[in-house]
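[1] what's the 3D shape of this:
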Amino acid sequence: MTKIVFLDIDGVISPTESSGHEVLHPERIGHYDEQYYLEAAKKHRQKYNMSYLDSYDMYVVDTCWSTLAMQKIKNLLLATDSKIVMESSWIHSYNEKNMPGLLAMAGLKDFYLDIAYGKDKLDGIIKYLNNHPEVTDFVIIDDEDYWYLAQNYGFYLVQSNDVISDEDCLMAKDILQRRYRFTILDNDIYLWYDDKKILASKYRYSHSSRGKLLLVYQVRIFNKQMIKPAIRILIKQLTKYAYDLNCDDGFVLVANREYFKRIKTDFWFVVGYQRVNINGEFLTNINEAVMVHSEYSPLEKIELWEKMRF
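    Below you'll find the model as predicted:
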């Protein structure tokens, strides 16, 4: 049995938006000493038998990578007996020979297993899983989804926001330990956690000028402590369901507006808090918000619906 964490670096270990995180060498922030790092990189290459280590990359690890994020990932790997397969843009500079030395600076070398090579992240992960049937459980930790990861793997994508959080790690741990599962019965979607129902919703198909869309509504969450992870899990899984069910125009999720608080969205998503009439056939109530996921223009769609609001 092999458990895998497909791991990104930027936006997971290395914050992309915020500052002030604890780093390995805070005293060097903003002061790139080229001579020092040329010598340090040379010694590190020799120690770990690396053929390549850019001196400025070493400076980035020292001054940008979050030590707390490194420790969180290490704790996740220890708790789940998992290994790292890299799917980061860093793999274009650091191959199998050099990646262990790079991760050594983050204290993660002993957990490194392999690299998921492909024409993009999705292709790399698909190829890796196809070529390694011994992998029994996996999770993808990445801050972005430009590569249709959720369309293909649903809630197995844990999408961080700037840097990995405790919530992200707990979700990844629960996924690796198979604590979440979905069932669909007639027009109902259920999410279970440790075989206890934590979410239920209705769904049906609707149509727009773009094609078929998946409409999900009457969302109920039965454990208040799990509202945010349940909604995050649901959003990723609906992305996959809409794709699998050939919904050309994605999905629309109607739920209590409180459920959407502090939920990260990217350019495929938009949330509207006004009361709207969806395609002239579904009227939201005053306490609900609408999340649109579409490959076209979700913002344009929300604006259109707002013109039809009651």
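
[2] Run through who's touching stretch 145-154.
    120-123, 125-126, 140, 142, 157, 159, 236-237, 239-241, 243, 266, 268 (Cβ atoms under 8 Å, 6 or more residues apart in numbering). For every residue, glycine as well, the C-beta is placed using N, CA and C.

[3] just the buried members of those residues?
    Buried members of the contacts of stretch 145-154, scored by 16 or more other Cβ atoms under 10 Å, are 121-122, 125, 140, 142, 157, 159, 236-237, 239-241, 243, 268.

[4] Which of those residues scores worst on pLDDT?
    Looking at the buried ones among the contacts of stretch 145-154 by pLDDT, the weakest one is residue 268, with 76.

[5] Show the contacting residues for that residue.
    Residue 268 sits in contact with 145, 250, 293, 294, 295, 298, where contact means Cβ under 8 Å, 6+ apart.

[6] How about the third one: what's its closest non-neighbour residue?
    Which is residue 293. Beyond its immediate neighbours in the sequence, the residue positioned closest to residue 293 (Cβ to Cβ, 6 or more residues apart in numbering) is residue 250, lying 4.3 Å away.

[7] Identify the residues contacting that neighbour.
    Contacts of residue 250 (Cβ under 8 Å, 6+ apart): 213, 214, 239, 242, 268, 292, 293, 294, 295, 296, 298.

[8] Just those residues: which are in strands?
    Judged by DSSP state E, strands contain the following of those: 213, 214, 292, 293.

[9] what's the distance between the closest residue in space to the third one that isn't next to it in sequence and residue 280?
    Distances taken as Cβ to Cβ, 6+ apart place residue 298 nearest to residue 292, at 4.1 Å, with adjacent residues excluded. As defined by Cβ to Cβ, to the nearest Å, residue 298 lies at a distance of 18 Å from residue 280.

[10] Show me where the stretch 201-310 of the chain has its helices.
    Per DSSP state H, counting those that start in this stretch, the stretch 201-310 of the chain carries helices over the ranges 227-244, 298-307.

[11] Against which helices or strands is the last one packed?
    Pointing back at helix 298-307 there. strand 269-272, strand 288-293 (3 or more Cβ pairs under 8 Å, 6 or more residues apart in numbering; DSSP states H and E).

[12] To residue 63, which of those strands lies closest?
    strand 269-272 (32.4 Å; Cβ to Cβ).
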